[in-house]
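**Student:** need the 3D shape of this:
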Amino acid sequence: MRKPVVVKVEDVRVCPPRFGFVYEDVRHPELAELRKREKLDTVVGDAQNDWEIVCRLAPWSSQRLPFGQPHKGLAVDACSGVGLLRQIDEGYGEFACGTFNRVFQNAINAFGMIARDLNIGGRETRIHQNGDAWHAVTDVWSDHWGKWVYVDAEFALFFEYNGVPLTALEIQQLYWNGIAPRRVFFDGGACTRRLLDVAPSLERVVRYYLDYFVSVDIVMAANHLSPDWRESVITPDGVPQGAPRVFCSPPHHAWRTDYSLSSRMHHVTTSEVADVYWPVNCVELALPLQGREIPGQEVRIGLRTHAPFLELLRVRVDGSEWRAVTVSAAKENMWSGEYEWRLHEGRNVLEAQVVSALGRCGRISRVEVEA
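**Tutor:** Next up is the predicted model:
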């Protein structure tokens with residue numbers, strides 16, 4: 001048998017978020033109750049993957065809020081989508097962009113999916129007459145796409161390029177390089193038309209929407225159901241509160257981000273994209289390589305993943321049955337394990353996958369070796 005060589009690897013470099021991140025616990029009992037009370041399984045119907053769930057719950061979230069109807073006042077006591085819906089049903093509500101998106105986040109959390117607060121905006125936009133504009137939206141981790149995806153649950157839309165949904169930074173980069181990514185409405189624009197019927201002034205938001213991407217920040221905590229959660233701000237007496245916001249401005253980009261609105265925020269700025277877009281539920285495969293060669297037919301392959309709600313790390317060889325891998329104790333939601341892989345003559349294929357809470361399956365990592 002000739003010396004084995006790697007011919008193909010499909011995985012990602014896995015790392016924990018540098019500035020830390022607190023996830024919403026997708027196993028929280030209030031999320032299970034939300035899923036039952038709102039009949040969300042009926043809403044998602046026969047969705048085949050997490051992205052199809054997003055495509056159905058985003059317009060549901062926009063339609064669920066009685067935008068334009070009289071209410072008693074602002075819903076100020078709640079931070080989570082669950083709490084906001086409870087107050088809305090009691091006749092309170094503010095129906096701001098963040099309200100739609102917090103409801104959406106908890107709705108997809110109820111299916112084991114991960115989401116977080118994302119903010120876009122800046123000065124000198126055409127959206128408002130005074131130039132300042134700020135918008136609260138959602139970042140969704142999609143196992144189907146293997147990436148974070150920008151979703152606006154108020155207008156029920158996302159952006160794509162070459163058929164792939166985009167992150168906020170990808171949208172920003174395309175926009176600043178003179179390329180308009182394709183805006184896609186989950187429901188053909190029905191939710192947006194409903195909003196415009198009630199608030200015609202939102203027409204400028206829809207028309208100049210890409211102006212929001214002057215700057216992008218990620219809030220590094222999404223545990224809105226926790227009693228310890230606080231909005232990420234600097235209090236009037238100058239004390240940082242809540243988790244930091246992280247702004248990203250990669251140095252190799254031709255544009256620079258305007259952080260003029262960040263002075264009132266508890267924040268940090270980074271040039272490293274992985275500080276805001278780290279992989280979740282993906283498996284990094286570590287092989288004992290010498291170039292592309294593997295020294296021997298017995299291979300000890302290392303497995304590493306950042307999986308906040310890991311239930312199982314598994315592998316399969318040459319399309320056989322999945323086998324569980326023993327993993328080490330987690331630190332910063334990082335898990336690792338090893339698998340002894342015996343190569344045979346010809347093409348060898350090993351795949352690895354995370355199984356997370358509520359049956360969510362991560363994107364499959366794969367390596368092919370010719371021996």
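**Student:** residue 202 is in contact with residue 191, isn't it?
**Tutor:** No - applying C-beta atoms under 8 Å, one finds residue 202 not in contact with residue 191, separated by 11.4 Å. Where you see a C-beta, it was placed from the backbone N, CA and C, and this is true even at glycine.
**Student:** those two - which one has more neighbours?
**Tutor:** A direct count of neighbours by other C-beta atoms under 10 Å for residue 202 and residue 191 places residue 191 higher, at 25 against 16.
**Student:** tell me the SS of that one?
**Tutor:** At residue 191, secondary structure determined by DSSP: H, G, I helix; E, B strand; the rest coil is helix.
**Student:** how near is the residue nearest to the spatial centre of the chain to residue 280?
**Tutor:** The residue lying closest to the centre of the chain (C-alpha atoms, centre = their mean) is residue 140, at 2.6 Å. For residue 140, the distance to residue 280 (C-beta to C-beta, to the nearest Å) stands at 11 Å.
**Student:** just to revisit the earlier point, the residue nearest to the centre of the chain: which element?
**Tutor:** Using DSSP states H and E, residue 140 maps to strand 133-142.
**Student:** hang on, the earlier thing: overlap of the contact sets of residue 140 and residue 280?
**Tutor:** Residues touching both residue 140 and residue 280 (C-beta atoms under 8 Å, 6 or more residues apart in numbering): residue 114.
**Student:** which residues touch the strand holding residue 140?
**Tutor:** Contact with strand 133-142 is made by 50-51, 54, 96-98, 101, 104-105, 108, 113-122, 125, 127, 147-154, 165, 167-168, 205, 211-212, 218, 261, 280-281, as judged by C-beta under 8 Å, 6+ apart.
**Student:** who does it pair up with?
**Tutor:** When pairing is defined by DSSP bridges, strand 133-142 lines up against strand 114-122 (antiparallel), strand 147-151 (antiparallel).
**Student:** wait, which of those is closest to residue 314?
**Tutor:** Evaluated with C-beta to C-beta, the strands paired with strand 133-142 place strand 114-122 nearest to residue 314, the distance being 19.8 Å.
**Student:** then the closest one to PDB, C-alphas only?
**Tutor:** Output in PDB follows, covering the C-alpha atoms of strand 114-122 (Å, rounded to 0.1, in the frame of the first residue of the first chain):
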ATOM      1  CA  ILE A 114     -28.900  30.100  18.000                       C
ATOM      2  CA  ALA A 115     -29.500  33.800  17.500                       C
ATOM      3  CA  ARG A 116     -28.200  37.100  18.800                       C
ATOM      4  CA  ASP A 117     -28.700  40.900  18.700                       C
ATOM      5  CA  LEU A 118     -27.000  42.800  15.900                       C
ATOM      6  CA  ASN A 119     -27.200  46.500  15.200                       C
ATOM      7  CA  ILE A 120     -26.500  48.500  12.100                       C
ATOM      8  CA  GLY A 121     -26.500  52.300  11.500                       C
ATOM      9  CA  GLY A 122     -24.500  55.500  11.600                       C
END
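**Student:** hey, where'd the strands end up in the stretch 51-200 of the chain?
**Tutor:** Per DSSP state E, counting those that start in this stretch, the stretch 51-200 of the chain carries strands over the ranges 114-122, 133-142, 147-151, 157-161, 164-165, 182-185.
**Student:** mind putting the ones you listed into JSON lines with distance to residue 336?
**Tutor:** Listed next are those as JSON lines, based on distance: least, C-beta to C-beta, whole Å:
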{"stretch": "strand 114-122", "distance to residue 336": "20"}
{"stretch": "strand 133-142", "distance to residue 336": "20"}
{"stretch": "strand 147-151", "distance to residue 336": "22"}
{"stretch": "strand 157-161", "distance to residue 336": "33"}
{"stretch": "strand 164-165", "distance to residue 336": "30"}
{"stretch": "strand 182-185", "distance to residue 336": "38"}
